[in-house]
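> Have a look; sequence and predicted model below, questions after that.
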Amino acid sequence: MKLVSWLKNSGISARELASRVETTEATISRLKNGHARPSLELAQRIADATGGAVTANDFLDLGPQAASHPSNGLNGARILLIISGGIAAYKSLDLIRRLREAGCGVRVILTRAAQEFVTPLSVGALAGAAPYTDLFDAKTEFDVGHIRLARDSDLIIVAPATASLMAKMASGLADDLATAVLLATDTRILLAPAMNPRMWANPATRRNVARLEGDGVFFIGPGEGEMAEAGEAGIGRMAEAPEILGVLENLVGQAGAKPLEGRHVIVTSGPTREPIDPVRYIANRSSGKQGHAIAAAAARAGADVTLVSGPVRIADPLGVKTVHVETAADMLAAVEGALPADIAIFAAAVADWRMREQSREKMKKTATDNEMSLDLVQNPDILKLVSRGHLRPPLVIGFAAETRQVVANAAKKRQAKGCDWIVANDVSEGTGIMGGDNNRVSLVTKSRTEDWPEMTKDKVAEKLIARAAEHLTAREAAAE
Ligand code: C5P
């Protein structure tokens, strides 16, 4: 049964259910409205709390196996299996069967070459759902196919991984569904290579393996022994299904740390663009890199993330709901529309001013005027409005881009805005921070200031999200 109907029928409020399943009311309301999907653990708690009336399957379209109860570490894991074209592909049929027995939801992608070795029909029968086979399958692409496949899995395993598929991965090629998914994912990837021993030993394959390992891809095998081809032996045999299951279990277990699971996080990012006339606007140099990195880090930590972004040149982060806006007024409306939330982080460089009245026609210069002035009014201060508003999230974080007396100004700003923390950074010319990949910030809270060393914007994001998660947990523990 859908959660919304259950709440209506049972007469239990969203708040009450939230407390029974140890999450926030904001999360329940987003689940109810179909704006978010729970992690499998949360889905399990909801199933318990609703006496089995609302199960994981009401949120996930992975088939009945995702909600079953075998007792091992893979139960409920969402596995995407990519089968590439090698003779070892037949072993993957056994792998699918075992994954399902272990309680995994299994989706399968077959490359074109794989279909020479195993058929979509046999794979579909074992997996319980038809495999995906083509990048331009209108049916799946309509549902943002490959991006969704990339996102909706706890782990991706490529078995067998051929030399050719690894070469494509190593150089970032995305010319079919399998490689597009592999390039578009931020999920962990496990490769089970299988190939002729001479191909495995070839310097090109060695280079590709080293590069993939450097990129954080995991490997199992290949082992030594008889090849499927008659008369061939050496290193190149695909790992056996039970071994693969063991490694998967470890990886899924490690990936399980989701400190923001069930939380809703709102992040603003990028500049705003305030129109002057139909062709001109007021903007700034913000790249959106820091805000986008924060949204991505929050998603990796298990949060349900709404990113409200001004116009930027970087891609929407994976696994994040991104709302694109232009002006400060639009940004405010999008943020208000996304509330309630557990954490709000305002990393956008919002224009302070906008035109009192935007000119409908392109403003022309005249022969007589040497000067011209624009009539500007102040934009709404989104951070301040949210910090002082009735839907104020329990943790509100602002940014302060300063060029002098960074920390002192940030502390003042924290009070003036009414937020909990300010992340202060020095954006003076020459620091390279505005638009760059690195950042050096100080975290200013009510009681203290921490100076963080220079690090990448991704690392700043990760550290900030980890701190925010700890803060929420500590705050809730103190309130109990
Ligand atoms: O006042 P100042 O622009 O320096 O404050 C910076 C902080 O306030 C940032 O977190 C920024 O995202 C937020 N801000 C906002 N709306 C504005 C101006 C700033 O949310 N109109």
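Received the coordinates, thanks.
> residues contacting residue 467?
Applying C-beta atoms under 8 Å, 6 or more residues apart in numbering, we find residue 467 in contact with residue 443. Where C-beta positions appear, they are placed from N, C-alpha and C, glycine not excepted.
> For the one helix or strand it maps to, what is the distance to the chain centroid?
Residue 467 belongs to helix 457-479 when assigned by DSSP states H and E. On the basis of C-alpha atoms, centre = their mean, to the nearest Å, helix 457-479 sits 17 Å off its chain's mean C-alpha point.
> same question, stretch 197-211
Remark: stretch 197-211 is offset 31 Å from the chain centroid, using C-alpha atoms, centre = their mean.
> Report the contact partners of the residue of the stretch 51-200 of the chain found nearest the ligand.
The ligand sits closest to residue 186 of the stretch 51-200 of the chain, with a gap of 25.0 Å, by C-beta to the nearest ligand atom. Residues near residue 186 by C-beta under 8 Å, 6+ apart: 296, 300, 318-319.
> Flag the least confident of these.
Checking pLDDT across the contacts of residue 186, the minimum falls on residue 318 at 70.
> Could you point out the helix or strand that follows the least confident helix or strand in the chain by mean pLDDT?
Least confident helix or strand of the chain, by mean pLDDT, DSSP states H and E, is helix 138-142 with a mean of 53. As assigned by DSSP H and E, the chain's next helix or strand after helix 138-142 is helix 145-151.
> And that following helix, what does it pack against?
Applying 3 or more C-beta pairs under 8 Å, 6 or more residues apart in numbering; DSSP states H and E, we find helix 145-151 packed against helix 177-184.
> Just the CA atoms from the helix it packs on would do, formatted as CSV, please.
Provided in CSV are the C-alpha atoms of helix 177-184 (Å, rounded to 0.1, in the frame of the first residue of the first chain):
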residue,chain,number,x,y,z
LEU,A,177,24.6,1.5,-22.4
ALA,A,178,27.1,-0.4,-20.3
THR,A,179,29.9,2.1,-20.7
ALA,A,180,27.5,5.1,-20.4
VAL,A,181,26.3,3.7,-17.0
LEU,A,182,29.8,3.1,-15.8
LEU,A,183,30.8,6.6,-16.7
ALA,A,184,27.7,8.2,-15.2
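> neighbouring contacts of that helix?
When contacts are defined by C-beta under 8 Å, 6+ apart, helix 177-184 is touched by residues 80, 82, 84, 109, 111, 132-135, 137, 145-147, 149-150, 156, 158, 165, 168-169, 172-174, 189, 318.
> Contacts for stretch 17-37 next, please.
For stretch 17-37, using C-beta under 8 Å, 6+ apart, the contacting residues are 3-4, 7, 14-15, 38, 42, 45-46, 48-50, 59-60, 262-264, 304, 321, 340-342.
> And what about the closest residue to residue 338 other than its chain neighbours, helix, strand or coil?
Nearest residue to residue 338 in three dimensions, chain neighbours excluded: residue 306, at 4.2 Å (C-beta to C-beta, 6 or more residues apart in numbering). Using DSSP: H, G, I helix; E, B strand; the rest coil, the structure places residue 306 in strand.
> next one: residue 435
Secondary structure assignment for residue 435 (three-state DSSP): coil.
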